[in-house]
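# I need the structure of the sequence given here:
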Amino acid sequence: MSRVRSAVSQVWPRLAAIGGLVLVWALVYRSGYFNADVLPSPAAAWSSLVHNVANGKIPRATQASLVRLLIGFTISVGIGTVFGLLEVASSLFERSFGSLVVGLQSLPSIAWLPLAILWFGLNERAVIFVVVIGSFPAVALATVSGLRQVPLILQRAGRTLGANGWRLYRHVVLPAAVPGYVGGLQQGWAFAWRSLMAGELILGGALGLGQLLNNSRQNLETGTVIATMVVIVLIGIVVDLAVFSALDHRIRARRGLLAT
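This next block holds a predicted model:
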């Protein structure tokens with residue numbers, strides 16, 4: 001019963017927020033301020049969502065986008081983690097590339113699209129490149145931050161107990177840096193998802209949710225545009241709850257950081 005109460009307490013605020021937004025949407029629609037072709041009613045958008053799920057448009061586009069996201073984000077995690085470890089291990093590497101990584105994170109991923117098109121053309125590789133370049137700096141900076149924020153007292157305690165060199169990192173430093181690293185992965189995933197949508201939306205030739213948004217906009221199918229946006233938001237919420245929030249909860253539980 002306590003688990004049910006906990007689940008309800010987690011879900012109802014989100015449902016209440018969504019209900020409030022839908023209510024505001026319905027009121028604006030009823031006011032007649034916007035034309036129905038520009039702002040359809042919630043019922044019309046829901047009907048469009050059901051129709052596009054039934055005819056397979058949204059499922060196919062979702063599958064294509066998630067495959068690209070998995071490939072791009074996996075590459076960015078690998079590159080970002082290596083960059084972060086090298087920055088911590090080498091002061092020369094940090095002086096050479098540390099500021100560059102910070103600068104790359106401040107550069108909007110959509111700014112890379114013209115260069116990606118010139119390098120790779122209007123194809124899959126250009127989209128994945130934008131995903132990688134848009135998300136790996138967040139992972140790299142989180143890796144650096146997580147490792148550097150490990151309290152020195154933990155490292156001293158590890159050395160006192162006989163852990164030195166790799167053993168110190170393996171059993172003390174890296175486990176202590178995990179929470180910050182997971183937070184970086186969460187931020188990196190958000191950057192990757194937004195970069196993917198921007199790439200698909202502008203490149204347009206590849207099947208995906210971004211392409212579906214662009215095609216619907218060109219065909220003045222506003223209901224499909226809103227339905228696709230809802231799907232994009234829902235995927236973000238589900239991934240955050242099912243992956244990163246669950247992982248954070250497990251880490252805090254193992255460390256005794258959860259309230260009883």
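# Next secondary structure element downstream of the lowest-mean-pLDDT helix or strand in the chain?
When the helices and strands of the chain are scored by mean pLDDT, DSSP states H and E, helix 166-168 comes last with a mean of 66. With elements assigned by DSSP states H and E, the helix or strand that comes after helix 166-168 is helix 174-203.
# Show which residues not belonging to the very next helix or strand once past that following helix make contact with it.
Remark: after helix 174-203, the chain's next helix or strand is helix 209-218, criterion DSSP H and E. Residues outside helix 209-218 that contact it (C-beta atoms under 8 Å, 6 or more residues apart in numbering) are 52, 57-58, 61-62, 65, 196-205, 222, 224-225, 228-229, 231-232. Just so you know, the C-beta spots here come from the backbone N, C-alpha and C atoms, and that holds for glycine as well.
# Also stretch 86-102?
For stretch 86-102, the external contacting residues (C-beta under 8 Å, 6+ apart) are 83, 137, 140, 141, 143, 144, 147, 148.
# One more pass at 10 Å, please.
Residues outside stretch 86-102 that contact it (C-beta atoms under 10 Å, 6 or more residues apart in numbering) are 80, 83-85, 104, 136-141, 143-148, 169, 173, 177.
# Buried subset of those as a PyMOL selection?
What follows is the PyMOL syntax for the buried subset of those, where burial is set by 16 or more other C-beta atoms under 10 Å:
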select buried, resi 80+83+84+85+104+136+137+138+139+140+141+143+144+145+146+147+169+173+177
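# And the contacts of helix 209-218, which of them are buried?
Buried members of those, counted by 16+ other C-beta under 10 Å: 52, 57-58, 61-62, 65, 196-203, 222, 224-225, 228, 231-232.
# So in the protein, which helix runs the longest?
In the chain, taking DSSP state H as the definition, the longest helix is helix 57-89.
# Mind listing what's buried along that helix?
57-58, 61-62, 64-66, 68-69, 72-73, 75-77, 79-81, 83-88.
# shouldn't residue 34 be in contact with residue 40?
Yes: if you go by C-beta atoms under 10 Å, residue 34 and residue 40 touch, sitting 9.3 Å apart.
# Just give the number of residues close to residue 27.
Neighbour count for residue 27, taken as other C-beta atoms under 10 Å: 9.
# so which strand or helix has it?
Under the criterion of DSSP H and E, residue 27 resides in helix 2-31.
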